[in-house]
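**Q** When you get a sec, could you give me coordinates for this:
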Amino acid sequence: MDVRSSETETALRRTVTYAASSGAIAAVVATPVVLVPAYGRVLGTLVVLVFAGLASRAALGTALAFRPLAALGPGDADLPSATAADPRDADLPTVSVVVAAYDEADTLPATVEACRRLDYPDDRLEVLLCHEAASTDGTARVAEAATAGDPRFRVCRRDADPGGKAAMANFGLERATGDVVAFVDAGQRPEPDALRRAVGWFRADDDAWCVKGRCWGTNVDGSLVTLHATVERHFAERGEFVAREVASGFTLFTGGLAVFRRTAFETLGPFDESVLLEDVEFASRIHAGGRDVRVDPGIVSAETNPESLASWWSRRKRWARGGMQVARRYVGTLPRNPNLSRVACVDAALTFGSLLALPLLVLALPAVALSHADGGAATFLPGERALVALAAVVALASPPLVLLRDRLDGRPHSLREYAAVVTLPLYFAVEAAAVVTAFLDEFVIRRPTVYVPSDRPGSPAGGRSDGGRREE
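**A** Model prediction:
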């Protein structure tokens, strides 16, 4: 996979290319409406059914998220206390925490401090600060200074050309010695009990090969972009992802903190460096092998999100295209894998199918609008307007209920976050545009898969985010 410091085309040229490509596809899709009016109503029916399905899934996920937090995590017996005299500490596995950094001099000290506060026996913990030699902001100097005098920390320099998040993770994996390996993006600050709670899952479930926590944005006041992105993250990780866990569905790990048994890599190999979403790809391999990815919202890592629209767009486009790459690889096999439960098979089919179908449905909207231009029915569904209105109400009601669920867990949100729910539809409309451009890159224009940097607040111009991850 190529790594570039910036896009090779100008913003104007990219915009023209995307507009021409999407316009051509939309025109092709809409043309039959002129000859066969019912065709537009068929598309309209599909669009409304998908929208209603997504709203229903959001409502179900929200309802399942209200299961008591204590029922989602390992029991107290699996979480020995922090006292040095506790004999159960002797039974804890050794843990290697891999921190990936590329031009992270500004955020690395806070990550190091969070790792110092991890509630885990000193003789069973190592922290590897893995940084790219290509860093230009003094990351190496900061890493050496931040870890001096602490035998738990080790600085590892990657001398190859920058290769993205998966390459850095694999670099750290080769040097990790623990029975459990945790990957933390530079800029993430895991809470002190994160490792003990994750290890509790491994002690309680022999089939658990990965434990995923959640990321908690700390800069909601930074910009409208960070405000809406943070609310979206809470909705996904406290609602959607937890629902998958509760329902024994197709669980995923994403974000800046995930914990693994070393056995997972010994059996399945390292992260795939050829895709843009290596975490979802590896989760697919774990499920295909008959093992589990467990989701625990009680494992929390603080993060700072990019505040500019450009950085947000770069990240969302990367995630969307990476998801499509993984979906294309597994949509035909994983839902039929005998190692998955029936619920997980259906969930995997819906997950990968929607990743591939949603961009096409967005491009079909002009055809639906054209067929509805005369004011007639847009679908074949009875009470279509009432159905759309109900789905919209359900969709808008779900995010604030998830925020309320956090409040019940003792993690309240600001009024700004509740208010942002009203404008989430506009945010998702922009996100849909990012998904369409990712679809065009992957399947129509067929741009080479490359990484380019995205900035985070406080980083120097051109600084990297997500622990050395190169964003497309």
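
**Q** From now on I want contacts and neighbour counts done on CA atoms only, so please keep to that.
**A** Noted.

**Q** And W312, how far from T230?
**A** 11 Å (C-alpha to C-alpha, to the nearest Å).

**Q** A310 now?
**A** 16 Å.

**Q** okay, these two: which has more neighbours?
**A** T230 (23 against 13; other C-alpha atoms under 10 Å).

**Q** What about that one? Give its phi and psi, please.
**A** Backbone torsions for T230, taken as degrees, to the nearest 10, come to phi -70, psi -40.

**Q** need the contact list for it.
**A** By C-alpha atoms under 8 Å, 6 or more residues apart in numbering, the residues touching T230 are W216, G217, V220, N305.

**Q** confidence score at the second one?
**A** Reading off the confidence values, G217 has pLDDT 94.

**Q** Give the phi and psi angles for it, as a check.
**A** phi -70, psi 140.

**Q** Go over the secondary structure and confirm E240 is in a helix.
**A** Yes. The assignment for E240 by DSSP: H, G, I helix; E, B strand; the rest coil puts it in a helix.

**Q** Against V435, how distant is it?
**A** E240 is 19 Å from V435, by C-alpha to C-alpha.

**Q** circling back: between the contacts of T230, which is closest to A288?
**A** Distance to A288, by C-alpha to C-alpha, is smallest for W216 among the contacts of T230, at 29.5 Å.

**Q** thinking again about what came up before, compare the contacts of T230 and tell me which is most surrounded.
**A** Busiest of those [other C-alpha under 10 Å] is N305, holding 26 neighbours.

**Q** Give me the pLDDT for R405.
**A** Confidence score, pLDDT, at R405: 93.

**Q** Count the neighbours of it for me.
**A** Neighbours around R405, by other C-alpha under 10 Å: 22.

**Q** by contact count, what packs against the strand ranked longest in the chain?
**A** Ranked by number of residues, the top strand in the chain under DSSP state E is strand 292-303. Other helices and strands packing on strand 292-303, by 3 or more C-alpha pairs under 8 Å, 6 or more residues apart in numbering; DSSP states H and E, are strand 189-190, helix 194-204, strand 208-217, helix 241-246, helix 278-288.

**Q** Mind jotting down where the strands sit in this protein?
**A** Taking DSSP E as the test, the strands found in the chain are 2-3, 95-101, 125-132, 153-158, 180-185, 189-190, 208-217, 257-261, 292-303, 450-451.

**Q** would you turn those strands into TSV with distance to H234?
**A** Shown next, in TSV, are these (distance: least, C-alpha to C-alpha, whole Å):
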stretch	distance to H234
strand 2-3	31
strand 95-101	23
strand 125-132	28
strand 153-158	31
strand 180-185	18
strand 189-190	16
strand 208-217	7
strand 257-261	15
strand 292-303	10
strand 450-451	26
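
**Q** how deep is Y102 tucked in, by neighbour count?
**A** Y102, neighbours per other C-alpha under 10 Å, totals 33.

**Q** Could you measure from it over to R158?
**A** From Y102 to R158 the distance is 10 Å (C-alpha to C-alpha).

**Q** Look up the residues that both of those two are in contact with.
**A** H131, E132.

**Q** how about A369, what does it touch?
**A** A378.

**Q** In the protein, what helix or strand scores lowest on average pLDDT?
**A** Lowest on mean pLDDT, DSSP states H and E among the helices and strands of the chain sits strand 2-3, with a mean of 54.

**Q** Just read off the phi/psi values of the nearest residue to L227 once chain neighbours are set aside.
**A** Once flanking residues are discounted, L227 sits nearest to V220: 4.4 Å by C-alpha to C-alpha, 6 or more residues apart in numbering. Dihedral angles of V220 (phi, psi; degrees, to the nearest 10) stand at phi -60, psi -20.

**Q** Could you report the distance from V220 to L355?
**A** 28 Å.

**Q** For the stretch 251-400 of the chain, which segments count as helices?
**A** Along the stretch 251-400 of the chain, counting by DSSP state H, counting those that start in this stretch, helices occupy 262-268, 278-288, 309-330, 342-363, 365-371, 384-408.

**Q** Could you identify the longest helix within this structure?
**A** Using DSSP state H, we find that the single longest helix of the chain is helix 37-65.

**Q** which helices and strands sit right next to it?
**A** Using 3+ C-alpha pairs under 8 Å, 6+ apart, helix 37-65 sits against helix 32-35, helix 241-246, helix 365-371, helix 384-408.

**Q** tell me which residues in the first one are buried?
**A** This points to helix 32-35. Neighbour-count burial for helix 32-35 flags V33 (criterion: 16 or more other C-alpha atoms under 10 Å).
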